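Chemist: A predicted structure for the sequence below; I have some questions about it.
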Amino acid sequence: MLKEVRIKDKVLSVPIIQGGMGVGVSLSSLAGSVMKEGAMGVISAAHPGYRKPDFNKNSLKCNIEAIIEEAKKAREISGGNGLLGVNIMVASKGYAEYVKAAVKAKVDAIISGAGLPLDLPKLVEDKSILLAPIVSSGRAIRLILKRWSKRHSVIPDFVVIEGSEAGGHLGFKKEDLENGTCESLDKIFEDVKNELAPFEEEYNKNVPVFVAGGIYTGSDIAHFIKKGADGVQMGTRFIATKECDASQEFKDMVINAKKEDISIVKSPTGFPGRGIMNSFMQKVENRGNICMSSCYNCLSLCDPSDTPYCISQALIQSVKGNVDNGLIFVGSNASRVDKMTTVHELIKELVDGANEELKENE
């Protein structure tokens, strides 16, 4: 049977983390509904303030306000259940400001990827907030463990491992993703556990590990629980839920996507990404750079003079429903999503499926 996960002084009743999906795909409605079921709902700090009227003039200010507002709304929806996380990309130019906003919002956890969050502990004085890096290799967690231990005298409260089948930005080489030569999630999990072991012993602390990337069924969850994982993180399956914050047009693109529609796509961040190869991304592939109407100065790795397109504009267009002129990030199993559901029904299906599999192996 699935077990609750104790993370420091907090308890996650259902060992599922809903992945943070930007822009605006996972805000208070989705995160709060996931929390209501006893799991961890996650708000994405990637432009949560895109709907504010002065967003184009001051996106950083709008995003900081939105993190606090969305966190409050998620708490109200949750009814006091579950845990609340905020996913913050290291590649964000406003990274420190977003972390401080999450601290002000009194979230339960800050989850950080799209780069190595080497100095995250320095930005968070509130020790009640759980800190978790997202990694895609044993080497990455080793670098973080050494840096956090040496400079901040702490280690992560939990870790999310993101494998090559995940959606959005990926921590793998493009050629490995396209050729299917990335390390398996099973192997990465083993490497990360091995790197964690001596630090857990030194700090007398258990560090729960959640795996992500290609997790689709309860059986997939059971597989990694049997391997020794504490839980999983899932993003794509939560898109086609009534409570997801994206437009219905966005959700329909996922529901109608075929396997051949899902591809590795260009991103101005320099990281490869996985998304739906729609008409917009076809233009990017065929014509190269697409003229930008404005710049939000939001990513440290983006050079506006030489970017293939503005990823913020592309993500905002798609989440609003203009799906032919935007970017839709999805995981490798998006083609298996074929209908709308609710967060309650989805989590029940996943938990029941995992428990059935685990019971058979007792």
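Modeler: That came in fine, so what should we check first?
Chemist: for the chain, name the helix or strand with the lowest mean pLDDT.
Modeler: Each helix and strand of the chain was given a mean pLDDT (mean pLDDT, DSSP states H and E); the minimum falls on helix 279-287 at a mean of 78.
Chemist: secondary structure element for H223?
Modeler: In this structure, H223 sits in helix 218-227 according to DSSP states H and E.
Chemist: what of E200?
Modeler: According to DSSP H and E, E200 maps onto helix 185-203.
Chemist: elements contacting that helix?
Modeler: helix 138-147, strand 159-162, strand 209-212, helix 218-227 (3 or more Cβ pairs under 8 Å, 6 or more residues apart in numbering; DSSP states H and E). Placement of C-beta: from N, CA and C, glycine included.
Chemist: nearest to K8, out of the ones you listed?
Modeler: Minimum separation from K8 across those (Cβ to Cβ) falls at strand 159-162, 13.2 Å.
Chemist: wouldn't G231 be in contact with Q18 here?
Modeler: No. With contact defined as Cβ atoms under 8 Å, G231 does not reach Q18; the gap is 11.4 Å.
Chemist: tell me the buried residues in the helix holding E200?
Modeler: L185, I188, F189, D191, V192, K193, E195, L196, F199 (16 or more other Cβ atoms under 10 Å).
Chemist: now tabulate the residues you listed in CSV and tack on pLDDT.
Modeler: What follows is the buried residues of helix 185-203, written out as CSV (pLDDT from 0 to 100):
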residue, pLDDT
L185, 96
I188, 97
F189, 98
D191, 98
V192, 98
K193, 98
E195, 98
L196, 98
F199, 98
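Chemist: which residues touch S335?
Modeler: With contacts defined as Cβ atoms under 8 Å, 6 or more residues apart in numbering, S335 is in contact with A257, K258, K259, D261, I262.
Chemist: please report phi then psi for the residue lying closest to it once chain neighbours are set aside.
Modeler: Nearest residue to S335, sequence neighbours excluded (Cβ to Cβ, 6 or more residues apart in numbering): K259, at 4.3 Å. Taking degrees, to the nearest 10, you get phi -60, psi -40 for the backbone angles of K259.
Chemist: what about K259, neighbour count?
Modeler: Counted with other Cβ atoms under 10 Å, residues neighbouring K259 total 10.
Chemist: state the distance from it to S184.
Modeler: Counting by Cβ to Cβ, to the nearest Å, the separation of K259 from S184 is 20 Å.
Chemist: give me the beta-bridge partners of I7?
Modeler: K10 (DSSP bridges).
Chemist: I'd say it and L130 touch.
Modeler: Yes. Counting by Cβ under 8 Å, L130 is a contact partner of I7 at 5.6 Å.
Chemist: any shared contact partners between the two?
Modeler: Common neighbours of I7 and L130, using Cβ under 8 Å, 6+ apart, are L83, A109, D157, F158.
Chemist: closest to I67 out of the residues you listed?
Modeler: Closest to I67, out of all of the shared contacts of I7 and L130 and judged by Cβ to Cβ, is A109, at 13.5 Å.
Chemist: who's that closest one bridged to?
Modeler: G85, L130.
Chemist: tell me the contacts of it?
Modeler: A109 makes contacts with I7, M40, L83, L84, G85, V86, I129, L130, L131, A132, D157, F158, as judged by Cβ under 8 Å, 6+ apart.
Chemist: give the PyMOL command for selecting the buried subset of those.
Modeler: Command for PyMOL, covering only those of the contacts of A109 found buried under the criterion 16+ other Cβ under 10 Å:
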select buried, resi 7+40+83+84+85+86+129+130+131+132+157+158
